[in-house]
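> here you go, sequence then predicted model.
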Amino acid sequence: MSHRRVSSPWNPPWTHQTAPHQTAPHQTAPAPRRYDEHGGFYDHVPPPQTGVPSPDGICTKEGFEYTRLGVRIPTLAISPWISKGTLVHTPPPAQRPEATSEYELSSIPATLRKLFPQIGGPLTRRDAWAASFEHLLTPKLRSDCPASLPEVPPPEGSEMGVALGNRLDEHALGLVRTLCDLTAGSGTPEVAECGRGIETYRDFAPWVERTWASWHRE
C-alpha cells in the first residue's frame, strides 16, 4: 500500500490511514483522493496570485477572474505502483508545463493526458498549466500492501450530540435551498415553506435523506 501525501506549498501533508490494495482493480489503477474544501483551517501560506491562468476567461459578476489558486488542500495518490513513504513537496521541472505551474485540482486531468495521450488536448487553460504527477508511478508492483484495515470506532455519543446540535453553516443552508428548488420548484409558493424549521444538523441529516429520495422518485 502506498499513499502520496502532497505537501507542495498548496497541499500540506496531513495524517491519513492506509487502504488495502490486494484486488485486481487496485493493482492497475491509481486512486487519487482530493478534498474540495480545506475545512476552515487557518493557513499561513498565501496562495499564488501571479502566473496562474484563468481556466476559461470567464469571471464572476463581482469581477473575480480565477487568476489565483485557493488555500492548500490535502491530496493522496493511492497505488501499489508508488514507492512506500513517497512525499512530494513541489513538482519537478519536467512536470511543470510552465515556470509557475503548481499542483492543484486540475493536476488530475493533466496527469491523465500524460499517461494517455489519446485523450487529447487540455480541457481548459488551467489544466494545460497544472503540474502533473505521473512520475510517482514506478515500474515495480509492491507486494507489501495490507489486505484489510483496522476498525475505526465511532465518535463518542457526547461528541456526536454536540456536532448534531450545531446550527447549519452556509454550505448546508445552500444545500437546503437547492433541494427545495428541485423538489418544490424555484419561485413557487411551496418553496417558501420548504426547509422551514431545519436549523441544526440533527434536523438536517434526516431531512436531506428524505428530500433527496423524494426527488429521485419523481
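Perfect, I can see it now. Numbers count the residues shown, from 1 in each chain.

> just the CA atoms of the top helix by length along the chain, as PDB, please.
In the chain, assigned by DSSP state H, the helix with the most residues is helix 201-217. Extracted C-alpha coordinates of helix 201-217, given in PDB (Å, rounded to 0.1, in the frame of the first residue of the first chain):
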ATOM      1  CA  TYR A 201     -27.700  19.100  11.800                       C
ATOM      2  CA  ARG A 202     -29.900  16.900  13.900                       C
ATOM      3  CA  ASP A 203     -32.800  18.100  11.700                       C
ATOM      4  CA  PHE A 204     -30.700  18.400   8.600                       C
ATOM      5  CA  ALA A 205     -29.500  14.900   8.100                       C
ATOM      6  CA  PRO A 206     -32.800  13.000   8.000                       C
ATOM      7  CA  TRP A 207     -34.500  15.900   6.100                       C
ATOM      8  CA  VAL A 208     -31.800  15.700   3.300                       C
ATOM      9  CA  GLU A 209     -32.200  11.900   3.100                       C
ATOM     10  CA  ARG A 210     -36.000  12.100   2.800                       C
ATOM     11  CA  THR A 211     -36.000  15.000   0.400                       C
ATOM     12  CA  TRP A 212     -33.300  13.600  -1.900                       C
ATOM     13  CA  ALA A 213     -35.100  10.200  -2.000                       C
ATOM     14  CA  SER A 214     -38.400  12.000  -2.900                       C
ATOM     15  CA  TRP A 215     -36.800  14.000  -5.700                       C
ATOM     16  CA  HIS A 216     -35.200  10.800  -7.100                       C
ATOM     17  CA  ARG A 217     -38.600   9.000  -7.100                       C
END
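
> the helices in this structure, which residues?
With DSSP H as the criterion, the chain has helices spanning 24-28, 107-115, 125-129, 157-165, 170-180, 189-193, 201-217.

> out of those, which comes closest to Ser143?
helix 24-28 (10.4 Å; Cβ to Cβ). Using the backbone N, CA and C atoms, a C-beta is placed for each residue, glycine as well.

> re earlier: buried stuff in the longest helix of the chain?
Tyr201, Phe204, Trp207, Val208, Thr211 (16 or more other Cβ atoms under 10 Å).
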